[in-house]
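**Q** need coordinates for the below:
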Amino acid sequence: ATVFAYGATGSGKTYTMLGSDTEPGVMIHTLQDLFRQKQKQSDKYEFRIVISFLEIYNENIRDLLVSSRAGNGGKKKKKYLDLRETPQKGVIVAGITFRPANQVAEVMDLLNLGNKRRTTE
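**A** Here you go, the predicted structure:
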């Protein structure tokens with residue numbers, strides 16, 4: 001599944017998706033249900049849940065689960081990814097990181113890490 005939040009800066013996308021400690025957002029509720037269903041059906045099926053987290057900003061795609069590299073002068077250099085189309089998978093983000101997750105807390109930790117790496121201007 002894919003979650004795509006689009007809108008102007010400051011419009012509340014992050015808050016709607018993540019919420020707060022007292023008012024969980026869409027992601028917490030969705031993840032709780034996902035892992036609950038995984039647990040219920042684990043005797044019948046094998047599940048593999050992975051997460052990727054990207055940002056599209058000014059038409060550039062960045063993997064938020066990978067830290068920026070230090071470039072010349074110690075300034076962080078952002079690595080941009082490309083869209084590709086393959087006959088087997090369709091449109092993909094080439095080089096995106098996939099991290100396994102076995103519980104809600106792991107996903108939330110990755111989302112919080114990625115949020116800290118988002119572009120701010």
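**Q** so for Thr9, what's the pLDDT?
**A** Looking at Thr9, its pLDDT is 80.
**Q** Thr97 versus that one, what's the distance?
**A** 25 Å (Cβ to Cβ, to the nearest Å). For the C-beta atoms, the positions are set from N, CA and C on the backbone; glycine is no exception.
**Q** equivalent analysis for Arg117, please.
**A** 12 Å.
**Q** again, but for Pro24
**A** Relative to Thr97, Pro24 is positioned 25 Å away (criterion: Cβ to Cβ).
**Q** biggest helix in this structure by residues?
**A** helix 26-41 (DSSP state H).
**Q** which parts of stretch 102-109 are buried?
**A** Judged by neighbour count using 16 or more other Cβ atoms under 10 Å, the buried positions of stretch 102-109 are Val104, Glu106, Val107, Met108.
**Q** contacts for that stretch?
**A** With contact meaning Cβ atoms under 8 Å, 6 or more residues apart in numbering, stretch 102-109 is reached by Leu18, Met27, Ile28, Leu31, Gln32, Phe35, Ile49, Ile51, Ala101.
**Q** please save the CA atoms from it in PDB.
**A** Taking C-alpha atoms only, stretch 102-109 is exported to PDB below (Å, rounded to 0.1, in the frame of the first residue of the first chain):
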ATOM      1  CA  ASN A 102       7.500  -6.200  12.700                       C
ATOM      2  CA  GLN A 103       5.500  -3.900  14.900                       C
ATOM      3  CA  VAL A 104       3.900  -0.500  14.900                       C
ATOM      4  CA  ALA A 105       6.600   1.100  17.100                       C
ATOM      5  CA  GLU A 106       9.300   0.200  14.500                       C
ATOM      6  CA  VAL A 107       7.300   1.900  11.700                       C
ATOM      7  CA  MET A 108       6.700   5.000  13.800                       C
ATOM      8  CA  ASP A 109      10.400   5.200  14.700                       C
END
